[in-house]
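# Just the structure for this:
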Amino acid sequence: STTDPDARLYRKADGHPSRLCYMGHVLMENRNGLAVDATLTHATGTAEREAALSMLDRRPRSHRITLGADKAYDVTEFVGDLRQRQVTPHIIVQGTVSSTGAVRKTAIDGRTTRHAGYTISQRIRKRIEEIFGWVKKPGGLTKTKLRGRPKVEAVFTFAIIACNLVRIPRLLAMQPT
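The predicted structure is shown next:
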């Protein structure tokens, strides 16, 4: 791009136009739906998985944790990387049927899907969309007015922090006294 050399062309899905953009990634804790980490990357086909691993590596932990994600994360290499890090992958099973009628192979097996925690994780996982919705509309990042990845990342991180600050009073009000 002549206007922003850091931005990359990215198409969200088939039938959608390619646009110059960055990809924002958020790591959310399930209990309260607060963002615990955020990062901005170049738009690539593997950026989501790479960002998830780097955010997990930055998190201190003393016990096994779970990671809920959508079907784009159902990749054998990524699931293997999670298990190597002692993270249980609560990822939606990619059950797409090809034009030949074959069901796409999944990296998630019965070890994970048989537990009640998997079902709960899939239900709560959708809260992440609330964060992204807030960042786009009230946070003002539907269309960024800045150029360069460092500046856009700073505004993205600030918007994630603001989203948390807006949610915290409601969470405190819900706690029993």
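
# What are the boundaries of the strands in this protein?
8-10, 19-28, 35-42, 65-69, 87-91 (DSSP state E).

# which stretch among those comes nearest Leu172?
For Leu172, the closest of those is strand 35-42, at 16.9 Å, according to CB to CB. Where you see a C-beta, it was placed from the backbone N, CA and C, and this is true even at glycine.

# Listing partners with orientation, what would you give for the closest one?
Taking DSSP bridges as the criterion, strand 35-42 pairs within the sheet with strand 19-28 (antiparallel).

# for the longest helix seen in the chain, what is the average pLDDT?
The single longest helix within the chain, with elements called by DSSP state H, is helix 149-174. Predicted confidence along helix 149-174 averages 91 (mean pLDDT).

# What residues sit buried inside the helix or strand of the chain with the lowest mean pLDDT?
Ranked by mean pLDDT, DSSP states H and E, the helix or strand of the chain with the weakest confidence is helix 110-113, at a mean of 80. By neighbour count on 16 or more other CB atoms under 10 Å, the buried set for helix 110-113 is Thr112.

# Check stretch 165-177 too.
Buried residues in stretch 165-177 (16+ other CB under 10 Å): Arg167.

# who touches that stretch?
Contacts with stretch 165-177, where a contact means CB atoms under 8 Å, 6 or more residues apart in numbering, come from Asn32, Gly33, Leu34, Trp134, Pro138.

# so how far is that stretch from its chain's centroid?
Averaging C-alpha positions (CA atoms, centre = their mean, to the nearest Å) puts stretch 165-177 24 Å from its chain's average.

# do the same with stretch 134-145
Distance, centroid of stretch 134-145 to centroid of chain: 17 Å (CA atoms, centre = their mean).
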